[in-house]
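> take a look and give me a structure for this.
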Amino acid sequence: MKELLKKFQESLGINERQLERLLFAFLSTDDFWQAIPLSQLPFNLFVEACRELHKAGIISFEEDKVLLTEEGKSYIKPELFSSLDSRCPCCSGTGISLKPWESLLLEYKETTKGRPEPVLEYDQGYLTPESTISRVAFADSKGDVRGKSIIILGDDDLLSIAFGLSRLPKRIVVLELDDRLVNFIEKANEEKGLGIEVRKHDLRHPLPDDLLSQFDTFFTDPVETLQGLEVFIGRGIASLRDLGCAGYFGLTKTESSLKKWRDFQRVLVEKFGVAITDILSDFSSYENWDYLLDSIVRDLPPLQHKPKVLWYKSSLYRIELVPGYKSFNEEGKGELYVDEESIAWRRRKC
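A predicted model of the protein is given here:
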């Protein structure tokens, strides 16, 4: 194990615990895509690690499957591996029961049929209906929905429609760049009378003055470069009225290493001066998107096959304004959408 670890430390910068989790992931499943969240490694590092493990004879590929070889199993201490799944089977570990929200979930599914599919141009992907309604339910449990003014910065998830159908917020405003999503939300708004204000807006640019300091709650699923996170969350904070107002957003381990998590948490606490009140691990699951295989370098056999499981997950952050907070509404500069931890990084560089 020590020789294997030394090799990985030199080539990938991976530590002992990360290697241990990676091997345990392959002991848990032979599904390449399912192993990614189990490994807790960013996608690109996971792929590079698989390449090195294969060269070293630790794993083998069989079409879309990844198998530990006998040599690979020799590196694992069985007594250190837990096969127990202790997550609550009712809520899949989110802590949210959707039973009180069943009618909203059904109406949301019906209303969003035929929705625009994600496109690479906008780095899109969207939540499952269950994860969308779970965000509504969790925010409602925190007192951030009923009678509140809500702004949604980018709405791939059609969260505005979920809030509109719930009839709970006082005001719902959406900023979205994609004309297809703008038109879809406007059509649902007209047909259902949802009271949604939809504006076409590129979030690289500052928020309009009439949206500053107006809202109780913001939601966004930001791009996961450090600059992109600062811009999206900074704009969200700029939209909030006052102390006690809150923001919600997702952050993955698939496109953000723990170093980026730490750096971003510093931005939240030290630059923006807000409190992180909640981080719900792997709270949200995303539907698989059609352009995935076209956005990556498919040089390993499993990368030739579309995922059969929901593998892309994000943790849900809740932040709250506390005394001394600062907002950000400057022009976004530099590369906001892609960094070396982005899934599409290697394809963009080829």
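
> could you use CA atoms for every contact and neighbour count after this?
OK.

> distance of residue 13 relative to residue 5?
Per Cα to Cα, to the nearest Å, residue 13 is found 10 Å from residue 5.

> these two: who's more crowded?
residue 5 (18 against 13; other Cα atoms under 10 Å).

> what secondary structure does that one sit in?
Here residue 5 is helix, with the state taken from DSSP: H, G, I helix; E, B strand; the rest coil.

> hey, what's residue 68 bridged with?
According to DSSP bridges, the partner residues bridging residue 68 are residue 59.

> report pLDDT for it.
Looking at residue 68, its pLDDT reads 92.

> OK, contacts around it?
Contact analysis of residue 68 by Cα atoms under 8 Å, 6 or more residues apart in numbering lists 23, 26, 27, 58, 59, 60.

> now those as CSV including pLDDT, neighbour count and distance to residue 329?
Putting these into CSV (pLDDT from 0 to 100; neighbours: other Cα atoms under 10 Å; distance: Cα to Cα, whole Å) gives the following:
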residue, pLDDT, neighbour count, distance to residue 329
23, 90, 23, 44
26, 92, 23, 44
27, 89, 19, 47
58, 91, 20, 49
59, 94, 21, 48
60, 95, 18, 49
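
> what sits closest to residue 49 if chain neighbours are left out?
residue 12 (7.3 Å; Cα to Cα, 6 or more residues apart in numbering).

> any figure for the gap between the one you found and residue 41?
12 Å.

> try residue 280
18 Å.

> neighbour-wise, which of these two wins?
Neighbours per residue, other Cα under 10 Å: of residue 280 and residue 41, the larger number sits with residue 41, 24 against 15.

> where does that one fall, helix, sheet strand or coil?
Quick answer, by three-state DSSP: residue 41 is coil.

> touching, it and residue 252? I think so.
No. The pair residue 41 and residue 252 does not pass the contact test of Cα atoms under 8 Å, sitting 10.1 Å apart.

> and residue 167, how far from residue 192?
According to Cα to Cα, residue 167 and residue 192 sit 11 Å apart.

> quick one, which of those two is more surrounded?
More neighbours surround residue 167 than the other of residue 167 and residue 192, with 16 against 13 (other Cα under 10 Å).

> nearest spatial neighbour of that one, chain-adjacent residues omitted?
residue 194 (7.4 Å).

> so what's the residue count around that neighbour?
Burial of residue 194, expressed as a neighbour count using other Cα under 10 Å, amounts to 21.

> pLDDT at it, what is it?
Listed pLDDT for residue 194 reads 98.

> and the gap between residue 4 and residue 25?
To residue 25, residue 4 is 17 Å away according to Cα to Cα.

> same thing with residue 283?
Residue 283 is 19 Å from residue 25, where distance means Cα to Cα.

> do the same with residue 99
32 Å.

> give me the more crowded residue out of the two.
residue 25 (22 against 11).

> so which strand or helix has the more buried one?
helix 16-28 (DSSP states H and E).

> and the contacts of stretch 321-336?
By Cα under 8 Å, 6+ apart, the surrounding residues in contact with stretch 321-336 are 204-207, 223, 225-228, 231, 234-235, 237-238, 242-246, 271-275.

> state the distance from residue 17 to residue 343.
With distances taken as Cα to Cα, residue 17 is found 23 Å from residue 343.

> and these two? Which one has more around it.
Between residue 17 and residue 343, counted using other Cα under 10 Å, the more crowded position is residue 343 (21 against 10).

> that one in helix, strand or coil?
At residue 343 the chain is in coil, as set by three-state DSSP.

> poorly predicted segments of the stretch 251-350 of the chain, please.
Applying pLDDT under 70 to the stretch 251-350 of the chain flags residues 345-350.

> next, name the residue at the spatial heart of this protein.
residue 314 (3.6 Å; Cα atoms, centre = their mean).

> where do the helices of the stretch 151-300 of the chain begin and end?
For the stretch 151-300 of the chain, applying DSSP state H, counting those that start in this stretch gives helices covering 159-166, 179-192, 226-239, 258-266.

> before we move on, back to that, okay, the closest residue to the residue nearest to the centre of the chain other than its chain neighbours and residue 108: tell me how far apart.
Distance criterion Cα to Cα, 6+ apart; nearest residue to residue 314, sequence neighbours excluded, is residue 252 at 4.2 Å. To residue 108, residue 252 is 25 Å away according to Cα to Cα.
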